[in-house]
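In: generate a structure from the sequence data that follows.
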Amino acid sequence: MVGEHLYLDEQEAFVCNTLQPGCNQVCYNAAFPISHFRFWVFQLVVLSAPPLVFVAYTIHQSSKPAESRRPENAARTRVFYTLQVLMRFLLEVVSLTVQYLVYGFTINDHVTCTRWPCPHRVDCFVSRATEKTVFLLYYFSANVLSVLLCFLELLMIICKTLVCTRQRQRRRDCKRQQHIAYVDKSEPFAQNLANVHRETLHLTPATDIPVGAEESEDECSNHVNYHNNGKHTPL
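Out: Presented below is the predicted three-dimensional model:
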């Protein structure tokens, strides 16, 4: 990981102007509750868990025989993928928030400490504070970029799902419209049945087109012409 050697002597190079035993350790713990490097390693492990679980799931599904695969497995895979993206997005936001609350955006080269067993107010000094600030900002930028990418991916999944749902609904409405067009309008019972279908689909009597629908009429009109030419037996 980038910056690993920067934090190898982190605690040894943290010096306070006192010889009181235990004061250095207490002040270091107050200034840095968790090491930057260990926090980033832990963050990497946590953020890698959802994608790895999804990859393991897809490998398990693909290893099954083709005859045992079901159509709903593809839908489950899409749901599983969406959940892992959402989980990764939430973990990115949480880790970014924790990193800001613990460290902030800068590392000060001077820290004051008044904790026990320090005999009085103690001044402590952090080694290579400027370098650590640069790496801290670098990881902050990487986290923010990762959060934005996860958000855009979630937005793309939601938009794609909405578009596919609307297309399926349009296809169903078009098939129902075709069914109404095939009905023989000369029979009273068939006429009443067509009116019931129109009321259900909110169709206009003149055009048999759903009110507010944006579906192109070409696909449906082909089937109507096919019936009018005598090539289809009325229902």
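In: which helices and strands does the top helix by length along the chain pack with?
Out: Ranked by number of residues, the top helix in the chain under DSSP state H is helix 129-181. On a contact count with 3 or more Cβ pairs under 8 Å, 6 or more residues apart in numbering; DSSP states H and E, helix 129-181 meets helix 36-62, helix 71-103, helix 188-201, helix 218-228. C-beta coordinates here come from the backbone N, C-alpha and C atoms, glycine included.
In: switch to 6 Å and redo it
Out: The contact analysis (3 or more Cβ pairs under 6 Å, 6 or more residues apart in numbering; DSSP states H and E) places helix 129-181 against helix 71-103, helix 188-201, helix 218-228.
In: quick check: mean pLDDT of the first one?
Out: Average pLDDT, helix 71-103: 87.
In: buried residues, it. List them.
Out: Across helix 71-103, burial judged by 16 or more other Cβ atoms under 10 Å covers 80-81, 84-85, 87-89, 91-92, 95-96, 99, 103.
In: between these, which sits nearest residue 53?
Out: residue 84 (6.7 Å; Cβ to Cβ).
In: thinking the closest one is in contact with residue 50, fair?
Out: Yes - using Cβ atoms under 6 Å as the test, residue 84 is close enough to residue 50 to be in contact (4.0 Å).
In: overlap in contacts of the two?
Out: Residues touching both residue 84 and residue 50 (Cβ atoms under 6 Å, 6 or more residues apart in numbering): none.
In: picking that back up, now the buried residues of helix 71-103 in JSON lines, with distance to residue 141?
Out: Shown next, in JSON lines, are those (distance: Cβ to Cβ, whole Å):
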{"residue": "80", "distance to residue 141": "30"}
{"residue": "81", "distance to residue 141": "27"}
{"residue": "84", "distance to residue 141": "24"}
{"residue": "85", "distance to residue 141": "21"}
{"residue": "87", "distance to residue 141": "22"}
{"residue": "88", "distance to residue 141": "18"}
{"residue": "89", "distance to residue 141": "17"}
{"residue": "91", "distance to residue 141": "18"}
{"residue": "92", "distance to residue 141": "13"}
{"residue": "95", "distance to residue 141": "14"}
{"residue": "96", "distance to residue 141": "11"}
{"residue": "99", "distance to residue 141": "12"}
{"residue": "103", "distance to residue 141": "14"}
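In: shaky segments in the chain?
Out: Applying pLDDT under 70 to the chain flags residues 1-6, 8-9, 66-73, 177-235.
In: kindly state the domain boundaries assigned to it.
Out: 5-168, 182-228 (automatic domain parsing).
In: from residue 161, how far off is the residue lying closest to residue 106 once chain neighbours are set aside?
Out: Spatially, and ignoring its direct neighbours in sequence, residue 106 is nearest to residue 133 (5.0 Å; Cβ to Cβ, 6 or more residues apart in numbering). Distance, residue 133 to residue 161, using Cβ to Cβ, to the nearest Å: 42 Å.
In: of those two, who's got more company?
Out: Neighbour count, other Cβ atoms under 10 Å: between residue 133 and residue 161, residue 133 has more, with 17 against 12.
In: that one contacts residue 105, doesn't it?
Out: No - using Cβ under 6 Å, residue 133 makes no contact with residue 105, being 7.8 Å away.
In: still on that earlier bit, if I look at the residue nearest to residue 106, how far off is residue 141?
Out: With Cβ to Cβ as the criterion, residue 133 and residue 141 are 13 Å apart.
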